[in-house]
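Peer 1: sequence first, predicted coordinates after that:
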Amino acid sequence: MLRHWPWVAAIASGALLTLSLPTWNYGWLCWIALIPLIGGILFDRTRPLSPITPSRIAVSRKRGMFRRVRDRWGRFSHHPAGRAFLLGYVTGLVFFWSAFSWLTTVTEPGWFLLGFYMALYPALWGALLARAGRHAGDFTRSVANLRVAAIGAAGWTALEWLRGWLFTGFGWNNLGTALYSDLAFIQIVEYTGVGGLSFMLTFTNLIAVITIKRFIREIAEVRIRPHWDFSVAMVMVAGVFLFGVRALFGPKQEGTTPLRVAAVQPNIPQDEKFDQAHEKQIFERLTFLTESALAWGPDLLIWPEAATPQGMFADGTNFAFVHGFASRGDFNFLLGTLDYDAEQRDYNIAALLTGKGERVQIYRKNHLVPFGEYIPFRHSFPLFAWIVGDLVPSDFTPGTTTQPLELENPSLKVGVLICFEDTVGRLTRRFVEAGAQCLINVTNDGWFLESAASRQHLANAVFRAVENRRPLLRCANTGVSAFIDSYGRITRQFDDPFAEGVLADVVQVPPPAARRTFYTRHGEFFSIASLFATVAWLGCVTLGRKRQGGQKPSPPSRVPH
């Protein structure tokens with residue numbers, strides 16, 4: 001049993017990562033979630049196989065293909081980097097299959113295959129950490145330990161960024177997301193994005209394991225040395241915390257504009273939402289809730305994504321229904337709906353009606369959800385279309401602009417994000433760069449039923465407000481409608497994702513001249529810098545080995561501290 005402990009540790013890390021996220025919400029676990037995996041990678045005593053000699057190769061060639069594959073697998077799984085890759089892969093499978101189990105409500109084959117792809121990222125990190133650990137010797141030198149922790153943290157951060165970028169990206173649930181409710185810690189993302197939190201947490205997990213190992217060795221030698229590596233980790237954590245406290249209790253922004261907002265959450269079941277047989281019932285529910293919202297006297301009325309049974313412009317009935325409310329008063333009316341152009345291309349859009357419905361501004365969704373709004377390689381790789389089935393009969397067309405929409409009375413610019421777009425930091429910042437004073441998300445998480453999806457969606461969205469120091473207003477059909485201020489505080493929300501009602505409050509919107517944060521101006525600079533640092537280190541190590549003729553580095557000398 002003891003020789004299998006690294007695999008048990010890898011499974012434990014995957015489970016701890018999942019428990020740190022909604023709906024379980026044990027966010028404190030993110031400070032220790034990677035410790036079992038790190039221990040399994042750095043301190044696994046499995047011996048590598050004997051080196052491959054010409055005679056062994058000759059024998060292998062005489063065997064059948066099955067034996068050759070088995071031998072190669074054995075060599076890979078016993079090599080330190082290969083074994084670390086597999087340990088990371090196990091952690092990734094456990095984490096992504098459990099954390100994203102809500103995808104089974106849409107496509108079980110897609111959920112299953114997505115886990116195999118996503119697990120590659122922690123697997124690559126495992127191989128990177130194994131290689132970095134080889135250069136740390138016996139982990140009794142603070143400088144070497146700090147180097148391992150920095151390389152490991154940079155590598156994890158870089159791989160999270162790649163996961164959120166490659167193939168349009170799937171950046172949900174980065175390690176730092178678990179801290180979404182810890183207001184003091186998350187303030188740093190206005191400079192680093194969520195990648196900065198992931199770096200801090202990974203660095204801390206690594207130093208924790210190294211410190212335990214170092215104490216055990218030093219106690220055995222009856223010689224305790226100063227642990228500068230541990231001190232640096234604690235200074236980092238304290239610095240991030242104190243920065244957040246200062247931001248939360250520092251001077252507040254002046255010149256804000258009060259905006260009375262009413263968000264309607266109708267909670268229409270997904271199997272009824274686009275069924276014409278339920279059109280009358282949907283109209284009645286929207287009418288009842290909207291009448292209550294208008295009685296409060298909002299400056300801005302919001303309906304969720306794809307609010308009406310058919311697209312707003314699809315027929316006279318739906319258009320008259322929407323326009324009838326817009327013409328009721330001098331307020332701004334924002335709703336999600338569907339549209340098509342002269343070439344019959346379909347779009348998922350948000351429409352803003354002002355001037356009693358006489359003026360219409362439109363935003364077309366930029367970041368489409370693969371397997372939800374389009375099928376990648378639909379015609380060249382039919383397997384993907386088979387996985388989704390008839391859930392996505394045709395593809396939406398992405399929009400190309402991130403121009404804010406302009407409210408009237410009061411005059412404000414808002415950036416509109418549709419569905420999962422509020423989980424994409426690089427897209428959100430473009431709205432603020434273009435002048436958005438407030439962010440609005442219209443969404444529908446009804447596809448995922450009573451799962452963790454809606455809570456995780458909210459947790460990921462919190463960071464968009466802090467990164468750009470702009471309030472974020474969320475209006476969901478089914479999900480979590482909520483108002484989030486510029487510091488990540490959830491000031492109002494429906495506790496029940498399946499509530500039916502109106503969320504109303506007065507939101508303070510910053511002035512047009514409000515400062516652009518470092519993140520707004522430079523985006524994922526921290527994560528991309530981590531990627532370059534990781535690649536540079538790998539390049540240096542590879543060149544160093546070539547100069548040594550491929551020989552293994554000699555063990556470090558024991559220099560007293």
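Peer 2: Yep, it's here.

Peer 1: nearest the geometric middle of the protein, what residue?
Peer 2: What sits nearest the mean C-alpha location of the chain, by CA atoms, centre = their mean, is W172, with 2.5 Å.

Peer 1: wait, is that one part of a helix?
Peer 2: No: the assignment for W172 (DSSP: H, G, I helix; E, B strand; the rest coil) gives coil, which keeps it out of a helix.

Peer 1: go ahead and confirm it touches F100.
Peer 2: Yes: assessed by CB atoms under 8 Å, W172 is found in contact with F100 at 7.5 Å. From N, CA and C alone the C-beta is placed, and that goes for glycine too.

Peer 1: now the residue nearest to the centre of the chain: how far from L248?
Peer 2: Distance of W172 to L248, computed by CB to CB, to the nearest Å: 26 Å.

Peer 1: S394 too?
Peer 2: S394 is 47 Å from L248, by CB to CB.

Peer 1: same check, this time on L34
Peer 2: On the measure of CB to CB, L34 and L248 end up 28 Å apart.

Peer 1: same question for R214.
Peer 2: Taken as CB to CB, the span from R214 to L248 is 35 Å.

Peer 1: compare the two (neighbour count), which wins?
Peer 2: The neighbour comparison of R214 against L248 (other CB atoms under 10 Å) goes to R214, with 22 against 13.

Peer 1: for the more buried one, what are its contacts?
Peer 2: By CB atoms under 8 Å, 6 or more residues apart in numbering, the residues touching R214 are 139-140, 145, 227.

Peer 1: of all those, which comes closest to G316?
Peer 2: Set against G316, the nearest of the contacts of R214 by CB to CB is N145 (70.3 Å).

Peer 1: contact partners for that closest one?
Peer 2: 136, 139, 207, 210, 214, 229.

Peer 1: how much space between I418 and D339?
Peer 2: I418 sits 12 Å away from D339, going by CB to CB.

Peer 1: now list whatever residues contact both of the two.
Peer 2: Shared contacts of I418 and D339, defined by CB under 8 Å, 6+ apart, are found at I349.

Peer 1: and the nearest residue to P511 once chain neighbours are set aside, how many neighbours does it have?
Peer 2: Nearest in space to P511, with sequence neighbours left out and distances taken as CB to CB, 6 or more residues apart in numbering, is G255 at 4.2 Å. Neighbour count of G255, defined by other CB under 10 Å: 9.

Peer 1: which residues does G255 contact?
Peer 2: Taking CB under 8 Å, 6+ apart, one finds 510-511, 513 in contact with G255.

Peer 1: assign it to helix, strand or coil.
Peer 2: Applying three-state DSSP: G255 is coil.

Peer 1: which of the contacts of G255 are buried? Put it as a PyMOL command.
Peer 2: Applying 16 or more other CB atoms under 10 Å to the contacts of G255, the buried members can be selected in PyMOL as follows:
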select buried, resi 510
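
Peer 1: and of the contacts of G255, the nearest to P109?
Peer 2: The closest of the contacts of G255, once distances to P109 are taken by CB to CB, is P510, at 45.2 Å.

Peer 1: would you mind measuring from that closest one to W172?
Peer 2: 28 Å.

Peer 1: any stretches of this protein with poor pLDDT?
Peer 2: Filtered on pLDDT under 70, the chain yields the residue ranges 1-2, 45-65, 68, 70-71, 73, 222, 377-380, 383-393, 549-561.

Peer 1: change it to 80
Peer 2: 1-3, 44-78, 135-138, 220-225, 342, 344, 370-394, 544-561 (pLDDT under 80).
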